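Peer 1: Output the structure for:
(chains A, B and C)
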Amino acid sequence: MTVIFYISAALAVVAAILTITRANAVHSLLYFICSLLATAVMFFVLGAPFVAALVVIINAGAIMVLFVFVVMMLNLGPQTAERERTWLRPRTWIGPVLISALLIVELVYALVYSRAGDTVGKAVEPAAVGVALFGPYLLAVELASMLLLAGLLGAYHLGRGVLKFRGGR
Amino acid sequence: MTAIVPVPVGLTVAALLFCIGLIGVLVRRNIIVILLSIEMMFNACGLAFVFAGSYWLQPDGQVMYFFILTVAAAEVSVGLSLVLQMYRQFGSLDVNTINRMRG
Amino acid sequence: MLSLLWLVPALPLAGFLILVLGGKRLSHQAVSVVAVGSTGFSAIVAILVGATHFRFAPGGGAYSQTLWQWMRVGDFAPSVTLSLDALSLTMMLVVTIVGFLIHVYSTAFMAADEGYGRFFAYMNLFVASMLILVLADDLLFLYLGWEGVGLCSYLLIGFWYKDRDNVRAALKAFWVTRAGDTALAIGVFLLFTSFGTLRIHAILENVAGYPVGAPLCNVAAALLLAGAVAKSAQLPLQVWLPDAMAGPTPVSALIHAATMVTAGVYLIGRMHALFLKAPTALFIVAVIGATTLLLAAFSAVTQHDIKRILAYSTISQIGYMFLALGVGAWAAAIYHFVTHAFFKSALFLGAGVVIQALGGEHDIFRMGGLRRRLPVAFWAFMFAALTLAAVPPLTLTFNSKDLILNQVWLSGRSGAVLWALAAAGSLLTALYTFRMAFVVFLGPEQTRPMDKPPLWMLVPFAVLSLLGAVIGVPELLNALTGVKGFYYYLDSAMSGPVHEFDASVTEWVFQGIYVAISAIGIALAYVFYEHALAYVRSVTATRVGSLLHRLLFAGWGFDWLYRHLIAVPYVRVARLNRGDVVDLLYVAVAHVSRGINMLLSLTVNGNVRWYAAGVAAGAVVVLGLVVLL
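Peer 2: Next up, the predicted model:
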């Protein structure tokens, strides 16, 4: 089981790197879906089947599909890929890679010196998650539903025709 | 049946994914890809939470992932509709064109 | 009855407030009633309080009435306290009585002026401030009165402010006295840091413990002396008084003859215990007095503006008071102050009568023969002039000036030199006084007077003149019959190193010398200005004569000296500093801020990824700190 975790971890990281380096937007999307699926496997292996399912259904199945819809609507394809390649000169990677490398070093340093142990190796049943959601986190669940409502309304309003700017330059 | 993973390794994976997402946000000029990289960062945070939940054997980690997901969904829907507006107003998906709020 | 003491300064202050708040709404009648009434009632209360104090003097000689605690800051707790002893009683009576009479005079003198209400408001404020000055028990409260009289002097000299020369004269007076005020303030600070209190009695008690000639006493006394010299227009700060004659004549009479200019004399008299421990400072007082009286007398002989003659005469007579203080004859100085207040203000009021009668003419050589036209004024003026020149039998023997001269002769080491200077000054005093009197009232008439002077101008003039003449009666009685008089009363309160002549024969000899000096002076004036005016003019027309005349006329060139020593360099430096060097610092701060702002606004470039990079870099830094620390 542990081996599967490592394999899917490696897969997730590789897919992530490929996501950010592709010029074609659709390719980026597909590689990210790959990364998400690898993450789902990691969750399943860690004994969290409920969230594993959630990743596949919602994250990969709804959010990514939304991305794909928008990309298709905007007709992003091979034509824009050329322009993207001109934006992705090696010179532009230096700064961000530096910042992220520093960040990674700090995080790994903190983690390695934390002297924490291993995971226990038991699963947390979906039933327990459900009890938690309807128990202590009930209020948060309700708030989450309101948040989704707000998101719905916002998306509806902002997605209409061309909005007129009022004031500003 | 479940894997036994050392905690630093698992959290390092999450950190790696987070930093790769960060690089994506800082490097890419296509707004869609930037939003995608942000999704990646969300995902990495969720992984860290779930990992911690399985270490402590508490459902709270998964509950946190549930909420992270909800927030990500709401954010993506609003964000993408803003992207649509941007495409209609400015005619381009280049993030460098929306730099009017300066000075 | 003594507890009514607070009314004495409070009534004129209330009068001031009513006049200031009423402003143009009050009629001339109402203004006169308020102003004259407040000073009149104050004078009545002063006389009652004085009489009570005189008859039933409380133990220790001083009655003090604390009104309220002014402030309390740590150890510093001055209170508003009025204190009454022989010295302040004398000053209080003089200020209120002379003030009242001059207020009555002013109702007629300023009747046609449109600033009538403003004038009386300032005059009332002046009387209140002067009373605070003389009744104060605390040096801080005294300083309040000191500043108050300086302010009123400025306001009243520049009363006709539409003429710029008047404003310049007022500013000159204010600046010169300010220099002295600063020295006085430093002296007060020094006394406070040394003794921890500003109550005058406490300070003088503490001073008694110091040896004679202690540096603290010398320095403090010298600083107080500087303040007194400025306020009393003595060398080297006497330049403001002749120009202060630009103010209305009642102002010159009240402020610049009788009261404010004697504030310095009062201060030294009040703090005489301190000065006794500072023999250097005391000697300087005497020297300043002697030189001032002589220099001012020389200048007075050459002036032809009647008010300027009287101004230089005032400077000279206050020089006598300083001389007396300098040799330790406190009582003689205060006695001379009392007589001087009466006859000098009388002379000023008389000058005002003459000026108004001739329609604003100030030049004595354009007046003449007014004896027949203004008889009352003539006789009152003569009385006052004779008092100034110290001529018996009208002023009676043993008057104030002779007392001073006697004390100076008897004072020891340099007494003889100072006496000679003062005696020469006496001769000149008689000369210039009667030069003025003869030229104005005798001789051929140059300008016709327009009207008879109003009654309310003549009455106070005559009353003051008479008071000046008869104030010496108790002293005559003392000399002849040994009855204790006013001088004895003062002397008992402020005893100094009193000297007596060895034999009374010597005393009469000296008296004879003084009479002779005055007589010679009057005779010279009569000869030169009645009969030999042409000879006088021919002398001043010669090279040496005209040079000397110009020097004396300009007050020995002090104005020229100060202009070239202080004013011109200062104006030059001010012009150089027009851009204000100190301001550069603050302007630089603004420039630097703007520069930093421009640098930082470069980061607000609207680029989203730039902002995200900023956030990421910040996170890296914070995490680094957390990890490392």
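
Peer 1: quick one: contacts for residue C:340?
Peer 2: For residue C:340, the contacting residues are C:257, C:258, C:262, C:314, C:317, C:318, C:321, C:400, by CB atoms under 8 Å, 6 or more residues apart in numbering or on different chains. The way it works is simple: take the backbone N, C-alpha and C, and place the C-beta from them, glycine included.

Peer 1: change it to 7 Å
Peer 2: Counting by CB atoms under 7 Å, 6 or more residues apart in numbering or on different chains, residue C:340 makes contact with residue C:317.

Peer 1: Equivalent analysis for the one 3 residues further on, please.
Peer 2: Contacts for residue C:343 were tallied using CB under 7 Å, 6+ apart; they are C:384, C:387, C:388, C:465, C:468.

Peer 1: what's the spacing between whatever helix or strand it lives in and its chain's center?
Peer 2: Secondary structure from DSSP states H and E places residue C:343 in helix C:330-357. Mean C-alpha position of helix C:330-357 versus that of the full chain (CA atoms, centre = their mean, to the nearest Å) differs by 13 Å.

Peer 1: Kindly report the same for stretch C:201-216.
Peer 2: Between the mean C-alpha location of stretch C:201-216 and the chain-wide mean there is a distance of 27 Å, by CA atoms, centre = their mean.

Peer 1: How about residues contacting it?
Peer 2: Applying CB under 7 Å, 6+ apart, the set of residues contacting stretch C:201-216 from outside is C:191, C:194, C:195, C:197, C:217, C:273, C:274, C:277, C:279.

Peer 1: for stretch C:613-629, same thing?
Peer 2: Contacts to stretch C:613-629, defined as CB under 7 Å, 6+ apart, come from residues A:95, A:99, A:102, A:103, A:106, A:109, A:110, B:22, B:26.

Peer 1: ok so, going back, so which of the contacts of stretch C:201-216 sit within helices?
Peer 2: Counted as lying in helices by DSSP state H, out of the contacts of stretch C:201-216, are C:191, C:194, C:195, C:217, C:273, C:274, C:279.

Peer 1: nearest to chain A, of those?
Peer 2: residue C:194 (66.5 Å; CB to the nearest CB).

Peer 1: Drop anything exposed from the ones in helices among the contacts of stretch C:201-216.
Peer 2: Burial by neighbour count, 16 or more other CB atoms under 10 Å in any protein chain shown: within the ones in helices among the contacts of stretch C:201-216 this picks out C:191, C:194, C:195, C:217, C:273, C:274.

Peer 1: Just the helices from chain A, written as ranges.
Peer 2: Secondary structure of chain A, counting by DSSP H: helices at A:2-21, A:25-45, A:49-54, A:64-73, A:78-87, A:94-112, A:126-134, A:138-158.

Peer 1: repeat for chain B
Peer 2: With DSSP H as the criterion, chain B has helices spanning B:7-27, B:31-56, B:60-90.

Peer 1: Mind putting those helices into JSON lines with mean neighbour count, mean pLDDT and distance to residue C:166?
Peer 2: Rendered in JSON lines, the data for the helices of chain B read as follows (neighbours: other CB atoms under 10 Å in any protein chain shown; pLDDT from 0 to 100; distance: least, CB to CB, whole Å):
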{"stretch": "helix B:7-27", "mean neighbour count": "23", "mean pLDDT": "94", "distance to residue C:166": "78"}
{"stretch": "helix B:31-56", "mean neighbour count": "23", "mean pLDDT": "94", "distance to residue C:166": "80"}
{"stretch": "helix B:60-90", "mean neighbour count": "20", "mean pLDDT": "93", "distance to residue C:166": "75"}
